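Peer 1: task: produce atomic coordinates for the following.
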Amino acid sequence: MTTLITSDHEQRLTMTDAFLEDSQEYYLERNTKITDHVMEYYVTGFLHKPMDACIERFKEELDFWQLDHDNVAPCCSILPAVPKNLHEKEEILRRFSNVAFGDLRRDIYNVLEEPSSGLSAKLFSVFSILFIFSSVAGLILGSMPEFQQDNSQAHFYHLMHLKSTRDFSNKPQKFVPVQEVDNATSSFTYKPTDDPALFLIVMEYICITWFTVEYLLRLVIAPQKRIFLFDTVNLIDLCTILPFYMEMGFGWFGMNMHDRLHTITGDEHQFSRKTKSWIGAMLVIRVLRVLRMARVFKLARYSTGLQIFGHTLRSSLTELSMLGMFLLTGIVFFSTLIYFLEKDEPGTEFYSIPSACWWCVVTMTTIGYGDSIPKTTLGKVIATSASVCGIIVLAFPISMIVEKFACAQQKAHEEAQVRQAHMAAVAQHYFNNRFARRRKACKEDLAASVRAKLNGTSPERANGSVKSIA
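Peer 2: Numbers count the residues shown, from 1 in each chain. Predicted structure coming up:
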């Protein structure tokens, strides 16, 4: 603005789009909403961004008026976070320039890591999500008796868990097995549901093959293998495929299931001794099977909400530690009180302070299973106090964590807008360079139309005068 004011008429003509001779005004083809805020800045000294203005367009206007991003008011400034985010992505892509087959590896990286980079990346992310859901669904169905290779006795599993009620003179109603159910299941031998149907096994192999190829492909194209191996998301990917191959390795040594051991050993006594000698391997297999559920966390790669949740937990370690300290203090305090008040009652469930701690955890977190209840009046008063204190203790830290999550979600939304604006600016820059002459001709026609409208002449005549002057 200072340059425009201090320049002479000839210099202003080169900086403006048109000069209106009747009103002696210079015409600038700029965004009027943003220009009004720029003019307000020269009057008040505060530069604000319009709410409905594109961030990238706002940056272009700042560059045109030669205003720095520091001039923007703090309430409207989200621009300082933009270069950092873009620089991080540019730094990752720059690493491929110093490795073999850098261009090819960078293209594969965009397909694997940037679902919004193109159609192929979106299709790959869709297939990955489908395989994740299929794998988890297969794991869940494989635990049901109906989806075992031998499902002829599936209904006995449900009969075993049927319960009924009976009245007792000295105790409240308890759940006990029905006699008819006992008779129906007397000839049934319970077996763990760890022998899923063939189609579930085939689906598991297909999903594991996809996960393995995906992980190895990411590892091969990674420019820095050490950073890749210790990345949190990649560690989750490794935990999803490693248990499968470890369990397969145990299976080669005959440690995969109880039925295999029973077939090898023969009688029950030898089976019991053999199982005790292999108890460590069995425990490892159980842990590995639990780790299969880590496949659910693979969705964090494609879910912005899960990523924000993870970042929120990492940034809320202070609040979480404070929450744990509050709960620990309350649990120890109320557990000790309820123990000394209830320990002498007949049939009490509070026979030790650790057993009372379990009741206190359930009460202070407002879950209330009802497996342990106080019987004395003072015990009920303590239970009420523990419940109220639990609500208060949980409220303060959780409200802080929720506030951080909301701020992180708002920031992620703004960064997504910035990324879209950046990609739009790149595309616009490409088309501007490709069709520069056509844009120049259109701009001349537009300027001629504006002058014709203001001067009352036809656009063709005004355009002809412009061309003749040129």
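Peer 1: same for the lengthiest helix in the chain, what does it pack against?
Peer 2: Taking DSSP state H as the assignment, the helix of the chain that covers the most residues is helix 377-434. For helix 377-434, the elements it packs on are helix 55-64, helix 81-94, helix 304-315, helix 317-342, helix 353-364, judged by 3 or more Cβ pairs under 8 Å, 6 or more residues apart in numbering; DSSP states H and E. Quick note: C-beta positions are derived from backbone N, CA and C, even for glycine.
Peer 1: out of these, which is closest to A137?
Peer 2: Checking the helices and strands packed on helix 377-434 against A137 by Cβ to Cβ gives helix 304-315 as the closest, at 18.7 Å.
Peer 1: per-residue confidence averaged over the closest one?
Peer 2: In this model, helix 304-315 has a mean pLDDT of 80.
Peer 1: of the helices and strands packed on helix 377-434, which stretch is the most buried?
Peer 2: Ranked by mean neighbour count, the helices and strands packed on helix 377-434 are led by helix 353-364 with a mean of 20 (mean count of other Cβ atoms under 10 Å).
Peer 1: ok, back up a step: for G45, which of the helices and strands packed on helix 377-434 is the nearest?
Peer 2: Taking the helices and strands packed on helix 377-434 one by one with Cβ to Cβ, helix 55-64 is closest: 15.5 Å.
Peer 1: kindly provide the whole-number mean pLDDT of that closest one.
Peer 2: Mean predicted confidence for helix 55-64 is 75.
Peer 1: show me the contacts for A100.
Peer 2: Neighbour list for A100: empty [criterion: Cβ atoms under 8 Å, 6 or more residues apart in numbering].
Peer 1: can you offset everything so residue one is 54?
Peer 2: From this message on, residue numbering opens at 54, which makes the last subject A153.
Peer 1: part of a helix, is it?
Peer 2: No - under DSSP: H, G, I helix; E, B strand; the rest coil, A153 falls outside any helix and is assigned coil.
Peer 1: ok, it to L282 distance?
Peer 2: Per Cβ to Cβ, to the nearest Å, A153 is found 19 Å from L282.
Peer 1: same question, T262
Peer 2: 21 Å.
Peer 1: what do you get for L120?
Peer 2: L120 is 45 Å from L282, where distance means Cβ to Cβ.
Peer 1: and what of A409?
Peer 2: Taken as Cβ to Cβ, the span from A409 to L282 is 45 Å.
Peer 1: ditto for S425
Peer 2: 46 Å.
Peer 1: tell me which of the two has more neighbours.
Peer 2: Neighbour comparison, S425 and L282: the larger count goes to S425, with 18 against 12 (by other Cβ atoms under 10 Å).
Peer 1: three-state assignment of that one?
Peer 2: Once three-state DSSP is applied, S425 turns out coil.
Peer 1: dump the residue contacts of Y94.
Peer 2: 100, 120, 124.
Peer 1: pull up the per-residue confidence for it.
Peer 2: pLDDT, read off for Y94, is 79.
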